[in-house]
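# I'd like to go over a predicted model; first the sequence, then the structure.
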Amino acid sequence: MGKNKTIKKPVSPIIVILYIVLALLVVIYVAPLLWMLCVSLKDNAAVMSDPFGLPKVLHPENYAQAWTMGKLGAALLNSALVCGVSLAVSLFFGSMAAFAIARMKWKLSEAAHTFFLIGMMVPVHCILIPLFVRFANLGLTNSRFGLMIPYITFSLPMTIFLMTGFFKSMPGELFESAAIDGCGIYGFFFKIAFPLARTGFFVSGLMTFVGNWNELLLAMVFISDPMKKTLPVTLTYFVGPYATNYVQMFAAIIIAIAPTVVVYCMFSNQIVEGLTAGAVKG
């Protein structure tokens, strides 16, 4: 009996081109991170003489110096507090508004949806001055709570936009069965919609967290107390009018981006799944 021969299909040129493009994208995104890591482990003389070379002598003390001189500990806590509270509030109220738009029948649901989507088109630069004047009159400047309010406000439109798609994709039979069993509107949300939309919470939560964590303009304008400033504002202290400490600045940048990289690595599968589901079902 002859042996079964496996016929190998030729690889499509389109697949080869696709993999080449994806490999180039990986290099484009990863190379700057690796370069920053290399610079953060050099001294300033090595950076000036060979900025793109590998460090010949490692200087891990740059991270300790950046942490101490930049007061990154307090800034990290401020960013974690402001972003954590803003994330929780925007996800909670945004998901409830999205559920009301997607699953409840009322005349102004589409108008409300459009109203929230308009908020995605308003740049913060246009309302920065009137917002600061109003907050100054209310005594909300130079406080973490005053910074949370615009963070929550600007996070709500994107959260509502994403969560509306997830709630609309849920089968209506689930809610009909729950209604027959005597479930009310709050039961619909907390017992059915909330657990099923977990992937949507991962996606919208990550986008909200990263956006608020890296936000600079509002934090720089609203906060004047150095002990209340967030991490992006603290990074500007390493740039002076006449000189810049590059190694400590890049070490501080690595510390600043580390939480977002860790969060994405931990929940990458859920995030990709949520983006795919939102694109197909939304």
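Cool, got the structure. Numbers count the residues shown, from 1 in each chain.
# What helix or strand is the residue positioned nearest the centre of the chain located in?
Nearest to the geometric centre of the chain sits V210, at 2.1 Å (C-alpha atoms, centre = their mean). V210 is part of helix 198-213, with elements assigned from DSSP states H and E.
# hang on, the earlier thing: quick one: pLDDT of the residue nearest to the centre of the chain?
For V210, the pLDDT comes out at 87.
# Flag the shaky bits of the chain, pLDDT-wise.
Counting by pLDDT under 70, the ranges of the chain that qualify are 1-11, 241-243, 268, 270-282.
# Break it down into its structural domains.
By the assignment in automatic domain parsing, the chain contains the domains 10-59, 61-281.
# circling back to that earlier point, buried ones in the helix holding V210?
Within helix 198-213, the residues that count as buried by 16 or more other C-beta atoms under 10 Å are 199-213. (Glycine included, C-beta is placed from N, CA and C.)
# can you check stretch 227-239 too?
228-235, 237-238.
# For that stretch, measure first residue to last.
Distance between the two ends of stretch 227-239: 18 Å, counting by C-alpha to C-alpha, to the nearest Å.
# Please shift the residue numbers so they start at 28 in all later answers.
Sure thing, new numbering starts at 28, so read that last one as stretch 254-266.
# any idea how far it is from the chain center?
For stretch 254-266, the distance from its own C-alpha centre to the chain's C-alpha centre is 19 Å (C-alpha atoms, centre = their mean, to the nearest Å).
# Just the residues contacting it, thanks.
Residues outside stretch 254-266 that contact it (C-beta atoms under 8 Å, 6 or more residues apart in numbering) are 93, 97-99, 101-103, 105-106, 109, 169-171, 174, 240-243, 246-247, 250, 271-272, 275-276, 279-280, 283.
# Provide a list of residues in contact with S113.
By C-beta under 8 Å, 6+ apart, the residues touching S113 are 175, 178-179, 182, 235, 239.
# Report the buried members of the contacts of stretch 254-266.
By 16+ other C-beta under 10 Å, the contacts of stretch 254-266 give 93, 97, 99, 101-103, 105-106, 109, 171, 174, 240, 242, 246, 250, 272, 275-276, 279-280, 283 as buried.
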